[in-house]
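**Q** Coordinates for the following, if possible.
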Amino acid sequence: MCRFPFCLAFLIFAPLFGQSFYLSDGLGNELQSLITVSGEEEWYLRKMENSLTSIRTLFHNQSELKRWETVDNSAVSGGSLESYFYKSRLREINEYSSSGQILSEQFYDSKGKFLEHRIYNFDKHERLRDLLILNEEGLELKTYSLLYRENGSLREIKGIISEDDHLSRILWRTRDYDKNFLEQIYLNEGSDAFLYTYESGRLKIRSVIKDGSETERTLSSYSGEGSLENETTWNYAEDSLEVLYYDKQSRVVLENSFIKGILRVSIVRKYRGEELIRYEERSAGEKILWEYEYREGQDHPILSTFYRNGILVKKIHRDAEMIKETVYRNNQPVYEKIIEKTEEGGDS
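**A** Purely as a prediction, here's the structure:
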C-alpha cells in the first residue's frame, strides 16, 4: 500500500512485475531459491520486482505475515521509500538516500494509528547532525543535535523537548574511537536542573540547580583502584553537610550529618564478611545500638539485640518456625510476642 501520490504514479506506469520465490525464516532472509511453492514450506518469501518497485512478502504457513514495499524515489529525493506491513497493517514508512542512509521514519501502531515521524539530518561527512521527532501535524516534539570534534569523535549531544521547552545536554570526552568517557550530563526539568560532572569516567560532582542557583552539591572521591571512598554533600538552603564513607565493597560504613557546622547524627555500620553485625547511631543525647548474630548459611540474623543509651530494650529471635520478640525493662523481660511462620514462609 503506497501513501504518496508520486508512488501511485510509479505503480500505474511501471512495467509488469517479475516474480520469484525463496525459502526463508521469520526475518525474511532469502535462504534457498524455489522454482515454485509446494505448500509444504513453513516460511517462504515472494519477491515481485520491476524497474521502479520491489515487493517482498513473507508467508508463514501459507498466510501473509510481513510485507516490504520499496519504491524508487530518485525523482524526488534521489533515494527510495520503503513501507513495512505486518499482517497487512502499515507499521513503518522509511525514506533512504541513494547511498542507503536513513532519512526519515514514520511509525504506526497495530491499528494503523500514526505514532511519530523522525527526520535525520547529516553533515557533509555523513555524520548524524540532528534528529527531529514530529507529531502527526508536523510539529516538533523533540530535537536532538550532535556536535563532533575535528577527529570525528562525538563531542556533545543536546536534546530539547519542545512541549516543556526543556534542554538536556550530554558532553563526551573521547580518548580514541573505541573508548568514550563522559564529561558532563545536564538535565533540565523545569525549575530544577541536575549537572553531573565526570573525571576519568567516574562521577565526580553532582549539582542540583533551582531557578538558576546551585542548592546542593555532592563531591565523590575514589581510591587508586577506582572504588568509591567517600561522598560529601552540601545543602546550601538548609546549611547542612553529610559525609558518607564506603568500604571496598561500596557499603556505607560511616555516615556523619552536620547542621550549621555542628555534628547532629553519626552512624557507624560494622560488617563481618557480607553480614552486618553492628549498627550504631549517635545523636544529641541519644545512642542507639543494634547487634546482629547469624547462623552459618543464613543471610538474615537469628538474633537482633536493641539498646538505647546502653540499656537493653529488645531482642528478636528468628528460626525456621517463628519469630519471638522480647521487650526488656531494667534488663528484665516484661513482654513477649511470638509470630508463627506460615508454610509458605511468611508470617501469620
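**Q** From now on I want contacts and neighbour counts done on CA atoms only, so please keep to that.
**A** Fine.
**Q** Test for you: state the pLDDT assigned to Arg91.
**A** pLDDT, Arg91: 96.
**Q** element containing the closest residue to Tyr271 other than its chain neighbours?
**A** Using CA to CA, 6 or more residues apart in numbering and skipping residues adjacent in sequence, the residue nearest Tyr271 is Ile277, 5.5 Å away. If you go by DSSP states H and E, Ile277 is part of strand 275-283.
**Q** quick one: which helix or strand includes Phe181?
**A** strand 180-189.
**Q** do the same with Ile205
**A** Ile205 belongs to strand 202-210, assigned by DSSP H and E.
**Q** just the CA coordinates of the helix or strand following that strand, formatted as PDB?
**A** On the C-terminal side of strand 202-210, the closest following helix or strand by DSSP H and E is strand 213-222. Backbone C-alpha positions of strand 213-222 (Å, rounded to 0.1, in the frame of the first residue of the first chain) are rendered in PDB as follows:
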ATOM      1  CA  SER A 213      21.200  28.800  41.600                       C
ATOM      2  CA  GLU A 214      23.100  25.800  42.900                       C
ATOM      3  CA  THR A 215      21.300  24.500  46.000                       C
ATOM      4  CA  GLU A 216      23.100  21.200  46.500                       C
ATOM      5  CA  ARG A 217      26.400  19.700  45.600                       C
ATOM      6  CA  THR A 218      27.800  16.200  46.100                       C
ATOM      7  CA  LEU A 219      31.600  15.600  45.700                       C
ATOM      8  CA  SER A 220      32.800  11.900  45.300                       C
ATOM      9  CA  SER A 221      36.300  10.700  46.000                       C
ATOM     10  CA  TYR A 222      37.800   7.400  44.800                       C
END
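**Q** Distance from the chain centre to the helix or strand just after strand 213-222, please.
**A** Remark: after strand 213-222, the chain's next helix or strand is strand 228-235, criterion DSSP H and E. Centre-to-centre, strand 228-235 and its host chain are 25 Å apart (CA atoms, centre = their mean, to the nearest Å).
**Q** How about stretch 90-104?
**A** Distance, centroid of stretch 90-104 to centroid of chain: 26 Å (CA atoms, centre = their mean).
**Q** Stretch 224-240 now?
**A** That offset, for stretch 224-240, works out to 25 Å (CA atoms, centre = their mean).
**Q** Helices along this structure, start to end?
**A** Per DSSP state H, the chain carries helices over the ranges 5-13.
**Q** Under the pLDDT cut-off, which ranges of it? List them.
**A** 1-17, 75-77, 162-166, 175-179, 341-348 (pLDDT under 70).
**Q** Compute the inter-axis angle for the strand holding Phe181 and strand 202-210.
**A** Put simply, strand 180-189 runs at 10 degrees to strand 202-210, going by axes from the mean of the first three to the mean of the last three CA atoms, to 10 degrees.
**Q** Show me what strand 180-189 is packed against.
**A** Under the contact definition 3 or more CA pairs under 8 Å, 6 or more residues apart in numbering; DSSP states H and E, strand 180-189 sits against strand 166-174, strand 192-199.
**Q** nearest to Trp290, of those?
**A** strand 192-199 (36.0 Å; CA to CA).
**Q** List of residues touching the closest one?
**A** 182-188, 203-211 (CA atoms under 8 Å, 6 or more residues apart in numbering).
**Q** at 10 Å what do you get?
**A** By CA atoms under 10 Å, 6 or more residues apart in numbering, the residues outside strand 192-199 that reach it are 166-173, 181-188, 203-220.
**Q** Measure how that strand sits relative to strand 202-210, angle-wise.
**A** Using the same axes, to 10 degrees, strand 192-199 lies at 160 degrees relative to strand 202-210.
**Q** how much distance is there from strand 192-199 to the middle of the chain?
**A** 17 Å.
**Q** May I have the strands that pair with that strand, each with its orientation?
**A** strand 180-189 (antiparallel), strand 202-210 (antiparallel) (DSSP bridges).
**Q** what would the ones you listed look like in TSV with mean neighbour count?
**A** Below are the strands paired with strand 192-199 laid out as TSV (neighbours: other CA atoms under 10 Å):
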stretch	mean neighbour count
strand 180-189	18
strand 202-210	18
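**Q** Need those in TSV (columns: distance to Gln249).
**A** Shown next, in TSV, are those (distance: least, CA to CA, whole Å):
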stretch	distance to Gln249
strand 180-189	24
strand 202-210	17
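**Q** So for Gly226, which of those strands sits nearest?
**A** strand 202-210 (8.2 Å).
**Q** that older thread, I'd guessed the residue nearest to Tyr271 sits against Arg295; true?
**A** No - contact criterion CA atoms under 10 Å: Ile277 and Arg295 do not qualify, at 12.0 Å.
**Q** more crowded one of those two?
**A** Ile277 (17 against 11; other CA atoms under 10 Å).
**Q** on that earlier part again, any residues in contact with both of Ile277 and Arg295?
**A** Joint contacts of Ile277 and Arg295 (CA under 10 Å, 6+ apart) are Pro301.
**Q** mind listing what Trp68 touches?
**A** 1, 28, 47, 54-58, 82-86, 90, 92-93.
**Q** Give me the buried entries from those.
**A** 28, 47, 54-58, 82-85, 90, 92-93 (16 or more other CA atoms under 10 Å).
**Q** Strands - which of the residues you listed land there?
**A** Applying DSSP state E to the buried ones among the contacts of Trp68, the entries found in strands are 47, 54-58, 82-85, 90, 92-93.
**Q** May I see the buried residues of the strand holding Ile277?
**A** Neighbour-count burial for strand 275-283 [16+ other CA under 10 Å]: 276-282.
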